[in-house]
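1. What shape does this take:
(2 chains)
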Amino acid sequence: MKHLIVIVGPTAIGKTATAIEVAHELGTEILSCDSRQFYSELNIGVARPSPEELAAVKHHFIAHRSIHQPYNAFQFEHEALEKLDELFKLHNDVVAVGGSGLYVDALCHGINVLPDPTPELRSSLSKRIADGQLPELLQELERLDPEYYAVVDRDNHMRVQRALETIYTSGQPYSKLINKSLPPRPFNIVKFGLQCNRDILRDRIYKRVDAMMEQGLLDEAASLLPYRDLNTLNTVGYKEIFEYLDGKTTLEQAVSGIKNHTWQYAKKQMTWLSRYKEINWVDNTNAASILQTLK
RNA sequence: GGGGAAGUCGCAUAGUGGCAAUUGCAACAGACUGUAAAUCUGUCCUCUUCGGAGUUCAGUGGUUCGAGUCCACUCUUCCCCA
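-> Numbering: from 1, shown residues only, chains lettered A, B, ... in the order given. Now for the predicted structure:
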């Protein structure tokens, strides 16, 4: 039986180093599930593994995409499964690592097949929402899919938009499409969650942000300013610097904003992870205990 | 020494007689099946059987049915003139 060893945890806790240690020890490769490290244009601000780290163990799905091509969890799931097929021919174990809950979920459990909306449909719905027509869209959703209407977060326009664009494209209720059961993976999944004291994590985050600034985050972000409207640049570490470049904040404010927002992101990740009962929680500095558990 | 401005719940802000008191940030909790580092929600003076109850707007005193708002004095901060 093949094993996918999944390492999750909040940002800056040390997933990269731990995954490398584990993968190195097992003589295998790493499949990254980080929704920002996918992009070749994003480096310092998304804490991409260093060239040395990337050389230490073979990584997949790092900088394999451009911010200019749309990408999503479903595409990732399929590419990742294909890659896993390949890797399992060479190794009994593969290490997956990442902080993007939805993407890890897509890899481990899958997500339902839904039709892609046309860009025109998506943008017309976005425009209606921007024009304050969310109430009308909610009425349409109630009529077309009462079951989902009953459970959706009606304040969250993205949820509403997503459901409607799927309904219009497929001609079927969203609730019906997402409630189809998904087949289990043909490999074993073992999940490890890295954890540490909150004050320590906060400190790690702050120090990492300072280090990013020293490495040239300002220049990296400045070079991406022309593309600031892309979804992928609506990202902690870049949006704050764009504000600074706009003259709306000082650089000092931007940096402390990045620190705060990264901390908020870490907490959101922990909230997301708290739903999984199957995670084996280990100390963030202790890759050895993961290897021990695997034996 | 003289003149002017200002002190509001962590920070910043709104509030010129009906106020536990606006908004933003931060903090805390949560939702989330294709934008997910996104998006969204709740709490945020104290206590609470969640209906309320009790204390608040630098301090003291006063005017008023009623004061964060008006008056007097005190304290503190900032600016200008000496």
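
2. is the strand or helix carrying A:F88 anywhere near RNA strand B?
-> Element membership of A:F88 [criterion: DSSP states H and E] is helix A:73-90. Yes. Interface with RNA strand B: helix A:73-90 contributes A:A73, A:F74, A:Q75 (CB under 7 Å from any atom of the strand). Quick note: C-beta positions are derived from backbone N, CA and C, even for glycine.

3. again, but for stretch A:145-153
-> Yes. Contact of stretch A:145-153 with RNA strand B is found when judged by CB under 7 Å from any atom of the strand, involving A:D153.

4. mind listing what's buried in that stretch?
-> Judged by neighbour count using 16 or more other CB atoms under 10 Å, the buried positions of stretch A:145-153 are A:D145, A:Y148, A:Y149, A:V152.

5. what's the pLDDT at the most centrally placed residue in chain A?
-> Taking CA atoms, centre = their mean, the centroid of chain A lies closest to A:S100, which sits 2.6 Å from it. Listed pLDDT for A:S100 reads 95.

6. all helices of chain A, in order?
-> A:15-26, A:51-56, A:73-90, A:101-108, A:119-130, A:134-144, A:146-151, A:157-170, A:174-178, A:198-215, A:217-224, A:239-245, A:251-273, A:287-294 (DSSP state H).

7. Neighbour-wise, which one of the residues of helix A:73-90 next to RNA strand B leads?
-> Using other CB atoms under 10 Å as the neighbour test, the residues of helix A:73-90 next to RNA strand B are led by A:A73, with 19 neighbours.

8. give me phi/psi at the residue nearest to A:L230 when sequence neighbours are not counted?
-> The shortest distance from A:L230 to any non-neighbouring residue, by CB to CB, 6 or more residues apart in numbering, is to A:I67 (5.4 Å). Main-chain torsions, A:I67, degrees, to the nearest 10: phi -60, psi -20.

9. show me what contacts A:I67?
-> A:Y39, A:E41, A:L42, A:L224, A:Y227, A:L230, A:T232, A:L233 (CB atoms under 8 Å, 6 or more residues apart in numbering).

10. residues near the last one, how many?
-> Pointing back at A:L233 there. 22.

11. List the contacts of it.
-> A:L233 sits next to A:I67, A:L224, A:Y227, A:K239, A:F242 when contact means CB under 8 Å, 6+ apart.

12. now it: how far from A:L144?
-> To A:L144, A:L233 is 33 Å away according to CB to CB, to the nearest Å.

13. And for A:G99?
-> Separation of A:G99 from A:L144 (CB to CB) stands at 35 Å.

14. Looking at these two, which has the bigger crowd around it?
-> A:G99 (26 against 17).

15. wait, isn't the more buried one in contact with A:G14?
-> No. The pair A:G99 / A:G14 is not scored as a contact, 11.4 Å apart, by CB atoms under 8 Å.

16. my guess is A:A47 meets A:K15, correct?
-> No. With contact defined as CB under 8 Å, A:A47 does not count as touching A:K15 (9.6 Å).

17. Neighbour count for the two, which is higher?
-> When A:A47 and A:K15 are compared for neighbours, A:K15 comes out ahead with 25 against 22, by other CB under 10 Å.

18. Next one, pLDDT for that one please.
-> On pLDDT, A:K15 comes in at 96.

19. re earlier: by neighbours, which of the contacts of A:L233 wins?
-> Greatest neighbour count in the contacts of A:L233, by other CB under 10 Å, goes to A:L224: 21 neighbours.

20. Distance check, that one against RNA strand B.
-> Separation of A:L224 from RNA strand B (CB to the nearest atom of the strand, to the nearest Å) stands at 13 Å.

21. so who does that residue touch?
-> A:E41, A:L42, A:I67, A:L233, A:Y238.

22. Could you find the closest non-adjacent residue to the second one?
-> Read it as A:L42. Once flanking residues are discounted, A:L42 sits nearest to A:R36: 5.7 Å by CB to CB, 6+ apart.

23. how many neighbours does the one you found have?
-> Using other CB under 10 Å, A:R36 is surrounded by 21 other residues.

24. what do you get for A:L251?
-> Per other CB under 10 Å, the neighbour tally for A:L251 reads 13.
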